[in-house]
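Peer 1: structure for this input, please:
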Amino acid sequence: MPSAAPSAPAPVVIAIDPHKASWTAVAVDNRLQPLATIRIEVNRDGYRPLRRFAGRWPHATWAVEGATGLGAVLTARLSADGVDVVDVPAKLARRVRLLSTEHGRKTDQADALSVGIAAHTAARLNTAVVDEAIAALRCLTEHRDDLVCRAGNSPNKSV
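Peer 2: Sure thing, here's the model as predicted:
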């Protein structure tokens with residue numbers, strides 16, 4: 001994976017805590033303070049408000065927790081738009097959150113903030129590269145699992 005080594009740190013990081021159903025984004029400045037937050041649903045229409053949110057900081061760096069895992073769908077969309085994404089490992093984000101002054105509270109916003117702080121302070125993080133075939137297979141597998149789960153919980157299921 002290529003190393004993300006910009007010549008000067010970006011003044012703002014758009015940090016993302018991805019989930020299956022939602023993305024939480026926090027804009028984090030170079031003082032490691034949150035500037036704004038947005039939470040959007042993961043669907044066809046959710047990407048546009050996320051990009052509008054980030055448009056307030058046109059030179060921001062994007063950082064996604066697990067950019068090639070749970071964040072792969074978003075990373076692929078951003079890459080298709082020519083946006084580089086820094087991959088913040090979940091372990092690193094967790095350590096930042098646990099060492100925070102907010103006593104390590106586990107919320108999506110706190111998780112996204114910890115991703116942003118990690119992106120600002122880590123010595124070297126990798127630019128995410130998503131293998132589109134693997135991402136497509138992962139999406140299909142997750143969709144199949146969701147369908148099987150729903151069928152298993154169906155009240156019409158006969159025993």
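Peer 1: now the strands for the chain?
Peer 2: With strands called from DSSP state E, the chain shows them at 3-4, 12-18, 22-29, 34-41, 61-65, 85-88, 125-127.
Peer 1: worst average pLDDT in those strands?
Peer 2: Mean pLDDT across the strands of the chain is lowest at strand 3-4; the value there is a mean of 47.
Peer 1: longest single helix anywhere in the protein?
Peer 2: Secondary structure of the chain per DSSP state H: the longest helix is helix 132-152.
Peer 1: for that one, name the packing helices and strands.
Peer 2: Using 3 or more CB pairs under 8 Å, 6 or more residues apart in numbering; DSSP states H and E, the elements in contact with helix 132-152 are helix 72-80. Placement of C-beta: from N, CA and C, glycine included.
Peer 1: what residues of the helix it packs on count as buried?
Peer 2: Within helix 72-80, the residues that count as buried by 16 or more other CB atoms under 10 Å are Ala72, Val73, Leu74, Thr75, Ala76, Leu78, Ser79.
Peer 1: give the contact list for Asp17.
Peer 2: By CB atoms under 8 Å, 6 or more residues apart in numbering, the residues touching Asp17 are Trp23, Thr24, Ala25, Glu65, Ala93, Asp108, Gln109, Asp111, Ala112, Val115.
Peer 1: also Pro34?
Peer 2: Under the criterion of CB under 8 Å, 6+ apart, the neighbours of Pro34 are Val26, Ala27, Val28, Gln109, Leu113, Gly116.
Peer 1: 6 Å - rerun?
Peer 2: Counting by CB atoms under 6 Å, 6 or more residues apart in numbering, Pro34 makes contact with Val26, Val28, Leu113.
Peer 1: wait, which of those residues is closest to His19?
Peer 2: Using CB to CB, Val26 comes nearest to His19 of the contacts of Pro34, at 14.3 Å.
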